[in-house]
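1. With the sequence up front, the predicted model follows.
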Amino acid sequence: MAADDEQRPQCSRTRPGRCCRLSGNFVLRSGQLANEYFDKYLFESDPHLLRRVVDRMVSLIPPGTEMLGGLELGGVLLATMLSSTTGILALFIRKKAKEYGTCRLAEGDDPTGHVVVLVEDVITTGGAVREAAEALRALGAIVTHVVCAIDRSIPGSEPLLQKGMTVNSVLTKTHLDGAAS
């Protein structure tokens, strides 16, 4: 979809969900077609909206969390802010291990034996979260939770439950649909 074909909402510093909801025709990471898209960079690039979302995420972090694993790219920003706010170490999870230097998939301290909570911006099918959890578990990390800004998965589908993951989200599709009406 061309950028000038999209319908951009008016951003409001009081409504991050409304700010990032775009209408049009979009192909999602999962390959699904959608008539709406949540452009998380519209709230992540606004320091006031970003702060509001991160402040809501803090209470969603389970007790015993030792590391916050931000998924590339939007989750890294959220994990960094959450780490700064909570004092919990941040870990940056690449989509694939880099092929030079340290050749790591996870940048930061060694996650082996640590409880890592994944941090994601938007979840639809949970594909990126599943891949990151499996990779971190292969490294010896304990991964059972993900904290996300927007869970746009179909209500009741719980796409990560079968992989032993609990999702704690600031906003869900139900919240966003209610705010749009």
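-> That came through, no problem. Numbering: from 1, shown residues only.
2. residue nearest the centroid of the chain?
-> Closest to where the C-alpha atoms of the chain average out (Cα atoms, centre = their mean) is residue 120, at 1.4 Å.
3. Correct me if wrong: that residue contacts residue 74.
-> Yes - using Cβ atoms under 8 Å, residue 120 is in contact with residue 74, at 7.4 Å. Just so you know, the C-beta spots here come from the backbone N, C-alpha and C atoms, and that holds for glycine as well.
4. where do the contact lists of these two overlap?
-> Common neighbours of residue 120 and residue 74 (criterion: Cβ atoms under 8 Å, 6 or more residues apart in numbering): residue 149.
5. Within the sheet, what are the partner strands of the helix or strand the residue nearest to the centre of the chain falls within, with directions?
-> Using DSSP states H and E, residue 120 sits in strand 115-123. Sheet pairing of strand 115-123 (DSSP bridges) gives strand 67-71 (parallel), strand 142-151 (parallel).
6. where do the strands sit along the chain?
-> Remark: strands assigned in the chain by DSSP state E are 21-27, 33-38, 67-71, 89-93, 106-108, 115-123, 142-151, 166-172.
7. Which strands or helices does the first one pack on?
-> Read it as strand 21-27. On a contact count with 3 or more Cβ pairs under 8 Å, 6 or more residues apart in numbering; DSSP states H and E, strand 21-27 meets strand 33-38.
8. Pull the distance from the strand it packs on to the chain's centre.
-> For strand 33-38, the separation from the chain centroid amounts to 17 Å (computed by Cα atoms, centre = their mean, to the nearest Å).
9. about what we covered before: for the strands of the chain, which one ends up most surrounded?
-> Ranked by average neighbour count under the criterion mean count of other Cβ atoms under 10 Å, those are headed by strand 67-71 at a mean of 27.
10. hang on, the earlier thing: tell me the angle the strand holding residue 120 makes with strand 89-93.
-> Per axes from the mean of the first three to the mean of the last three Cα atoms, to 10 degrees, the angle that strand 115-123 makes with strand 89-93 is 50 degrees.
11. No further queries at this time; thank you.
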